[in-house]
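S.K.: Predicted model follows, preceded by the sequence.
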Amino acid sequence: MAADQNPPVIPGVRRSFVEARGVRFHVTEAGEGEPVLALHGWPQHHYTYRDLLGNPPAGMRVIAPDLPGYGWSGAARHQWAKEDVATDLLALMDALGLDGKTLLVGHDWGGWVGFRMIMREPERFRGYLVCNMAHPWSPPGVVARQAWRILAYQPLMATVGVPLQRRTRFLEALFSAAAKGETRFDRETIAIFADRFKDPLVARTARDTYRTFLLKEIPASVRNPERRRVSVPVRALFGKDDAAVHYSLAAEETARADDYTLEMVEGCGHFVVDERPELVRARLIELADQTR
């Protein structure tokens, strides 16, 4: 059964379960040295960082937790409000003893949560590499022009997301269609991600991720737009052919950040971490060098 599925094999990694703020986090890590916290999105788990974990850059300790309720982590005690998830992950950093400056990597929802972490406690982070996710300061007009992308699938996930993920091949079709050009998604990789969402807990978590976003977080952002500014250096890496998130939502000119750059990746879709792992690795190494 999918609920009993073991984590996928990544040679050389270390796995553990760490309790933090009521969540039993499944944590996969590899390498030694400067800490790198890598956060995944939907519909994935820590395995999206398999290339970094399988061959960590010299002098780096890559730490890839499954987010609360995703992968093999236990459920959160909330309905997946992104500020709450940021609090969970900051507590995990405490439990892991990450006292000094940490490099942060985030993709998709992991990227959205990552912005909240660096705004909340910037002193804990050296730099942030965010992949294919909007920043939190997009002007209303830009958001309105891209709203059809949200409406294409998010209401579906927020309502019938549990049976959709558990009983149909929706996720398999999504992975097959999302990557552009030379894809990393063979059938085995797709199954490693999609099968995990057949677990009722994981499927409910994904549903709540979108339900909370649509019903609570979007209305709250309209009433009270994000005004916090980021002092941590941010490098945004964006597959230009992303059908889910448009690169205009990550524009340099609208970012409230002291040091923010956007790099477009031609011929690449939403899953840039999977499609261009060597580029992600290179930009992480560059960010480490730039922030020493």
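M.R.: Perfect, thanks for sending it.
S.K.: for the worst-scoring helix or strand of the chain on mean pLDDT, packing partners?
M.R.: Every helix and strand of the chain was ranked by mean pLDDT, DSSP states H and E. The lowest is helix 170-178, at a mean of 91. Packed against helix 170-178 by the contact rule (3 or more C-beta pairs under 8 Å, 6 or more residues apart in numbering; DSSP states H and E) you find helix 187-194. In short, each C-beta sits where N, CA and C put it, glycine included.
S.K.: Okay, buried residues for the helix or strand harbouring G161 please.
M.R.: Assigning secondary structure by DSSP states H and E places G161 in helix 147-167. Going by neighbour count (16 or more other C-beta atoms under 10 Å), the buried part of helix 147-167 is I150, Y153, Q154, M157, A158, G161, V162, L164, Q165, R166.
S.K.: What are the boundaries of the strands in this structure?
M.R.: Secondary structure of the chain (DSSP state E): strands at 14-20, 23-30, 34-39, 60-65, 102-107, 125-131, 234-239, 260-265.
S.K.: can you redo the ones you listed as CSV with distance to K82, mean neighbour count and mean pLDDT?
M.R.: Putting the strands of the chain into CSV (distance: least, C-beta to C-beta, whole Å; neighbours: other C-beta atoms under 10 Å; pLDDT from 0 to 100) gives the following:
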stretch, distance to K82, mean neighbour count, mean pLDDT
strand 14-20, 17, 13, 98
strand 23-30, 15, 22, 98
strand 34-39, 11, 25, 98
strand 60-65, 16, 25, 98
strand 102-107, 11, 26, 98
strand 125-131, 14, 25, 98
strand 234-239, 17, 25, 98
strand 260-265, 19, 16, 98
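S.K.: so where's the stretch 1-150 of the chain shaky on pLDDT?
M.R.: Residue ranges of the stretch 1-150 of the chain with pLDDT under 70: 1-4.
S.K.: circling back: could I get the strands of the chain as CSV with distance to E172?
M.R.: Listed next are those as CSV, based on distance: least, C-beta to C-beta, whole Å:
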stretch, distance to E172
strand 14-20, 26
strand 23-30, 23
strand 34-39, 24
strand 60-65, 23
strand 102-107, 20
strand 125-131, 22
strand 234-239, 20
strand 260-265, 24
